[in-house]
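Enquirer: Can you look at this prediction? I've put the sequence above it.
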Amino acid sequence: MKIYRYAMLLLVMLAASSCGVPQSPDAFNATPEAVFLRQIVKQLAARDIAAVEAELDTSLMKPDTHDLLVTTANLLPNEAATSVTPVSWRFFTMNGNRKATVAAEYQFPSKRMLVSAIFVGDAAHLKIAAFHFTRLAAPLSVTNAFTFADKPIASYMFLGAELLALGISIFAIVQCLRTRDLRRKWLWIVLMLVGVCQFTLNWTTGTIDVQLLRFDILSAGYAREGWVGPWMLSVCIPVGAIVFLLKHRRPSA
């Protein structure tokens, strides 16, 4: 029964880590940050520069701020968006200062754009700390789709390594549970649940990032930035599982 308690604790921790983050596009659209983003885009499209200036954080108030806002507004077509697709939403608080990063994909009749912004302050008093527009050639749902078409051999090798690490971890845990008279079995299982030194592959771009102090449950994982961001595959070295399998090898006949 101990292993089930550990599993429930893990599920509770994972659920707590997502508290406060919208889990659906509808929840995204209802957040104060998403409402504020739509307001700023509407004001820029209407060339209401004074209204946007009033919402800037004091750190952005510089002599050339007005000219930069005019240049930014000119990137937007002066027309209503036909659709707005949530892309990502996240926030963090440091030293009592709240900072939220929000992004949405805007489809206008003449162009498609990715709009991202950084807002500071509490939900009732948001201010703009950064604002960016990026022209898109295709919907992000298409660009970042998980597909095997036109992928380099390195991506297939990475996926194979991830499946191998996952298989080793599961096999080692099963062997541990079946091993009789094993001291500190719970500690072995905990060590085998996590892998060390995380390698992360951006499935869209093919770039690989290495972080020594990150880990994955069962030495493998996948995630996505928001709803239409690139898929990120990750794999860790299953050190605990490898050590257990080497230490408890069955003697040959």
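Expert: Now that the structure is in, tell me what you want to look at. Just so it is clear, the structure is predicted and the values come from calculations on it, not from any experiment.
Enquirer: Could I get the full set of strands for this protein?
Expert: Counting by DSSP state E, the chain has strands at residues 83-94, 97-107, 112-120, 127-136, 194-202, 208-217, 220-224, 231-237.
Enquirer: Could I get these in JSON lines, plus columns for distance to residue 55 and mean pLDDT?
Expert: Every residue, glycine included, has its C-beta placed from N, CA and C. Formatted as JSON lines, the strands of the chain follow (distance: least, CB to CB, whole Å; pLDDT from 0 to 100):
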{"stretch": "strand 83-94", "distance to residue 55": "18", "mean pLDDT": "85"}
{"stretch": "strand 97-107", "distance to residue 55": "14", "mean pLDDT": "90"}
{"stretch": "strand 112-120", "distance to residue 55": "9", "mean pLDDT": "92"}
{"stretch": "strand 127-136", "distance to residue 55": "5", "mean pLDDT": "90"}
{"stretch": "strand 194-202", "distance to residue 55": "33", "mean pLDDT": "93"}
{"stretch": "strand 208-217", "distance to residue 55": "34", "mean pLDDT": "90"}
{"stretch": "strand 220-224", "distance to residue 55": "30", "mean pLDDT": "90"}
{"stretch": "strand 231-237", "distance to residue 55": "32", "mean pLDDT": "95"}
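Enquirer: Format these as TSV; extra columns: distance to residue 46.
Expert: Shown next, in TSV, are the strands of the chain (distance: least, CB to CB, whole Å):
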stretch	distance to residue 46
strand 83-94	16
strand 97-107	14
strand 112-120	15
strand 127-136	15
strand 194-202	36
strand 208-217	40
strand 220-224	33
strand 231-237	36
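Enquirer: Out of the ones you listed, flag the one nearest residue 246.
Expert: Proximity to residue 246, assessed across those by CB to CB, is greatest for strand 231-237 (13.7 Å).
Enquirer: Which one, of the strands of the chain, ends up nearest to residue 182?
Expert: strand 194-202 (19.0 Å).
Enquirer: Show me which positions of the closest one end up buried.
Expert: 194, 195, 196, 198, 199, 200, 201, 202 (16 or more other CB atoms under 10 Å).
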